[in-house]
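S.K.: need a structure here:
(chains A, B and C)
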Amino acid sequence: MAAGSGLALHGIEKNFGATRILSGVTLEAAQGEFIALVGPSGCGKTTLLRIAAGLDYPDQGRVELGGRDITARRAADRDIAMVFQSYALYPHLTVRQNMALPLAMRRLSLAQRLPVIGRWLPGTRETTVGIAESVAQAAATLRIDQLLDRKPGQLSGGQRQRVALGRALVRHPRAFLMDEPLSNLDATLRVHTRTEIVELHRQAGVTTLYVTHDQAEALSMADRVAVMMGGVLLQVAPPAEIYRDPRHRLVAEFIGSPRINLIDAVVDDVGSAVAASGEHPVALVQGLALPPGTPVSIGIRPEHVRLRAPAADRLPVTLSRLEFLGSEVLAHLVLDAGRLPIIAKLVPDEVAGLTAGRCFGLETAPADRLVFAADGQRIDVEPVAGRVALHA
Amino acid sequence: MPDGSGLPEGIVLSSAARAMRRVEARAAWGLAAPTLVLMAILLVLPTIAVLLLSLTDWELGAAHLGFVGFDNYVELAHDRTFVTSLRNTLIFAAIVTPVSVVLGLGAALLIEAEPIGKTFFRTAYFMPVVSLIVAMATVWQYLLHPTIGPLNALLRLAGMGGPNWLGSSDTVLVSLAIIGVWQAVGFNMVLFLAGLTAIPRDLYAAAEVDGVKTGWDRFWTVTWPLLAPTTLFVVTITLIQAVKVFETVATLTQGGPSKASEVLLWTIYQEGFVYLHVGYASAMTIVFVAILMVVTLLQTRVLERRVHY
Amino acid sequence: MRPIWTIGRAIRFAILSAGALVMLAPYIWMISVSLKPRSEIFNATFELLPEHWGAVENYTKAMTRIPMLTLLGNGAIVCAAILLFQTVFAIPCAYALAKLRFRGAEPIFALVMMGLLIPVQTTALPIYVVFSDLNLLNSLSALVIPFMLSVFAIFLFRQFFRSMPDDLIHAARLDGMGELGIVWRVIVPNAWPAATAFAIFSVVAHWNDLFWPLIVITRMPLATPPLGLIFFQAAEAGDDYGALMAATTIVTLPLVLLFLFAQRRFIEGITLSGLKG
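M.R.: Numbers count the residues shown, from 1 in each chain, chains lettered A, B, ... in the order given. Sure, this is the predicted structure:
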């Protein structure tokens, strides 16, 4: 997979009037890669997608496809297909005609497309037959062949979504762009269709840029996940890495459900991040090369939280309630100092004997504590050999 | 339930519920009663009266009223004035409708695409709709005046002679049609603008990605098909308004010269209210109403079938 | 970045402007002629601005030869009265059709729909005959009575009321309000959008109407503006264009001003008349 032969966006800047929508966004998708662009609503991901599609133009920066600069080309001239959130199917055309349109636009000339006369022009016959074959193939792949003669208004949401996919697929473009294609489906259908899309991508091998606000969707589908917030790309990495090793506090907060627990701490004289917790401050992380008094955040994922007996070197928490979710249980705790809510994800077996109101000491493995600076950047901590790890 | 009480089949009410229903029904009848009386007096009875009168030979002021069956209608078919009137009305409608619909659509498309001055243009095109028809007709009389009117003055500047627009039987219907188009364009434009804004923007984006590049392609791929219900609506409305033409004829030509601008409502007016041939004019009215009802029903029928997605 | 001005856009703008000019030409000429003295009008040149001002003469003639103020007053009274009656009759009935359950709901609504199909001019003859017998011709009542019923108003208000939440009415009933009270205290205050749209439609339609006034009025003091203009035109034998144009300017002004003030409402209301057909 040669880098640069896929879809690349370099240094994209976009403003709407006085508002800055995108700041210096650079994203490179290798040929055949599936990249999920994820972020909260309004973060600019749809704008970036539209710029990649050619429906909008950046104030600065370039768009490259297959190594070629296509920034100045309009959408119709780019070899890119797009699936819209609303599907945008032509309501007056049948499924067959919907899927044939992009091919007809590209393979037939204006004269050949005229209603009555076009049919009699030379070449139209063969091209039309070719188009019909392509449509039939794509319809078979998506298993919508029995729907070909229906109109979008007669289809269910899931079927319409497939037709939208089919319309994109039928062109065998160099890149797929998808704008939250699953957000209009109900939950079960969404999960089911996720797998189908990933399968399709594997078969077709086409570079795909997939926009979603659902982080679980992004993690489950993508080769790499790009997290965007406020028009800035915070991190681009494979799902496991994004989850395990977020480089920014906002990324850690956005990715993962339930949300990561964040505990405020201050660096003390010996380089330990200390959380104020009532009677005794507890040192959470050691070996920080930061001046004393620097505020930091310590992030601990719910599944890494262990509840032990209260101790001087453990953060004191009180259990407020248990939330039963079937295969797991969420324990809602409150950190005594400052009443900070903490969530711990437990297995049902561990829950015996836990009652609301009881106090515990919080414990996690040192490696599971992520340190973030005040500006959100991640601070790496070297593991200290031979030291007695102070557990909290 | 078919009795209109709004209940599904098989539901049995308790006596308390039934009593409540009765109270509600009584209140409803009470609220509707004045309107019902009015409907009877102003709508139902007169309509029946017209139907019955069309079968008589009655004239206002005459003492005698005789039933003549369908004789009036037969006479209408042979009545030169009426037939001319019918033909003129249809020609007028056939000119005004397509021209004002196309121009209205064109104006709407242009205004929609142009961000500057949208409000100004919309106002300018819509002005004729809110202006007194009779007043503007008199202005047009001046504009189309063969000797002192600016239109012919302009034509003279260009070296051509201008005809006697409203005074010659060859050009009078066309002149009236021009005025009719002028009045209708703004209205149609507004309806089309509403239809255009209802087209989802996403469809245009999808079309662009699909390779639809030119305005021509964009129009035929997205705009025209999605405007279909609006277009049908506009055509019907314009057609109906055109068949009802009266004010311009009454103000400018009074049916002349030599019946060249005789139109249905004018003929009805003359026969019924000037010559007072009430029975005969009633028959004309029935024909007039029948034409309009056919047009309206055609619209509903086409709407059900073709324009539906 | 796309350039601001392309050839296509320039052409578009040019066509729109040309069209706007054609649309506005009659108004421009109307005002121009109303300012010219008689001699200049008959010069038949393509001059817009008058050399000598005949405005005073024309407008005075327009105001005096026909009782302009009376005409405008008649028009205003008639339109206001018609609107008042139409809404007073339509709203309770529409409310009953929309929100109350009774056996007559469907048949009455069917009658309303049929009424929409029938054009106004259908009932002119019999009503005229009756008025003639009752000696009601040549009166303002004759102008108002036939229009007191507006099936279109009933249709419109019913659709509007249907979309109003039922809870509002249930709450009023729980408060002990009778149906009439509900209409007066709950429905009417909330019917504002539909009412203004309909008001505009009704006022424009009846301000413009020539057919009926032509039939029932033969005396100038009772004429409405359109009729007054016809009388004026007939009286002047089409010679005094200056005064005629002055008269049309005065008569056209009210609606145009109203339109310029409340454009959106206006367009809404007029678009409704399309629904009526």
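S.K.: and the residue of chain A nearest chain C?
M.R.: A:Y57 (5.9 Å; Cβ to the nearest Cβ). The way it works is simple: take the backbone N, C-alpha and C, and place the C-beta from them, glycine included.
S.K.: Just the element for residue 26, please.
M.R.: All of this is about chain A. Using DSSP states H and E, A:T26 sits within strand A:19-29.
S.K.: if you could check chain C rather than the one you did, that'd help
M.R.: Using DSSP H and E, the element containing C:P26 is helix C:7-34.
S.K.: ok, is that helix in contact with chain A or not?
M.R.: No: judged by Cβ under 8 Å from any Cβ of the partner chain, helix C:7-34 makes no contact with chain A; its nearest approach is 14.5 Å.
S.K.: hmm, that helix touching chain B?
M.R.: Yes: with Cβ under 8 Å from any Cβ as the criterion, chain B is reached by helix C:7-34 at C:8-9, C:12-13, C:15-16, C:19-20, C:22-27, C:29-30, C:33.
S.K.: which of these count as buried?
M.R.: C:R12, C:F13, C:L16, C:G19, C:A20, C:M23, C:A25, C:P26, C:Y27, C:W29, C:M30, C:V33 (16 or more other Cβ atoms under 10 Å in any protein chain shown).
S.K.: pLDDT added to these, as CSV?
M.R.: As requested, those are exported to CSV (pLDDT from 0 to 100):
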residue, pLDDT
C:R12, 85
C:F13, 86
C:L16, 89
C:G19, 90
C:A20, 90
C:M23, 91
C:A25, 88
C:P26, 90
C:Y27, 90
C:W29, 85
C:M30, 87
C:V33, 83
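S.K.: neighbours of the residue of chain A closest to chain C, just the number please.
M.R.: For A:Y57, the number of neighbouring residues by other Cβ atoms under 10 Å in any protein chain shown comes to 15.
S.K.: what's the answer for the one 10 residues further on, then?
M.R.: A:G67 is surrounded by 12 other residues when neighbours are defined as other Cβ under 10 Å.
S.K.: related to what we said a few turns ago, so which bits of the strand holding A:T26 are buried?
M.R.: Buried residues in strand A:19-29, defined by neighbour count with 16+ other Cβ under 10 Å: A:I21, A:L22, A:V25, A:L27, A:E28, A:A29.
S.K.: same check, this time on stretch B:57-73
M.R.: B:D57, B:W58, B:E59, B:L60, B:V68, B:D71, B:N72, B:Y73.
S.K.: and chain A, which of the residues you listed contact it?
M.R.: When Cβ under 8 Å from any Cβ is applied, no member of these is adjacent to chain A.
S.K.: Inside helices: which ones of those?
M.R.: If you go by DSSP state H, the buried residues of stretch B:57-73 have B:D71, B:N72, B:Y73 in helices.
S.K.: Can you tell me which of those residues is nearest chain A?
M.R.: Nearest to chain A out of those is B:Y73 (Cβ to the nearest Cβ; 42.9 Å).
S.K.: quick check, distance from stretch C:143-151 to the centre of its chain.
M.R.: A distance of 14 Å separates the centroid of the chain from that of stretch C:143-151, by Cα atoms, centre = their mean, to the nearest Å.
S.K.: avg pLDDT for it?
M.R.: The average pLDDT within stretch C:143-151 is 90.
S.K.: Quick one: residues in contact with it.
M.R.: Residues outside stretch C:143-151 that contact it (Cβ atoms under 8 Å, 6 or more residues apart in numbering or on different chains): B:35, B:38-39, B:42-43, C:78, C:81-82, C:85-86, C:89-90, C:112, C:115-116, C:123-124, C:127, C:136, C:202, C:206, C:212-213, C:216-217, C:222, C:224.
S.K.: now stretch B:186-198
M.R.: B:100-101, B:103-105, B:107-109, B:111-112, B:122, B:125-129, B:223, B:226-227, B:229-231, B:233-234, B:237-238, C:23, C:267, C:270-271, C:274.
S.K.: Buried ones in that stretch, by neighbour count?
M.R.: Across stretch B:186-198, burial judged by 16+ other Cβ under 10 Å covers B:G186, B:F187, B:N188, B:M189, B:V190, B:L191, B:F192, B:L193, B:G195, B:L196.
S.K.: Stretch C:254-265 too?
M.R.: C:P254, C:L255, C:V256, C:L258, C:F259, C:R265.
S.K.: Which strands or helices does the least confident helix or strand in chain A by mean pLDDT pack on?
M.R.: The helix or strand of chain A with the lowest confidence, counting by mean pLDDT, DSSP states H and E, is strand A:273-275 at a mean of 73. Here strand A:273-275 touches strand A:261-267, strand A:282-285, strand A:295-300, going by 3 or more Cβ pairs under 8 Å, 6 or more residues apart in numbering or on different chains; DSSP states H and E.
S.K.: Which of the helices or strands spans the nearest residue to A:T124 once chain neighbours are set aside?
M.R.: Spatial nearest neighbour of A:T124, excluding adjacent residues (Cβ to Cβ, 6 or more residues apart in numbering or on different chains): A:Q112 at 4.7 Å. Of the helices and strands defined by DSSP H and E, none includes A:Q112.
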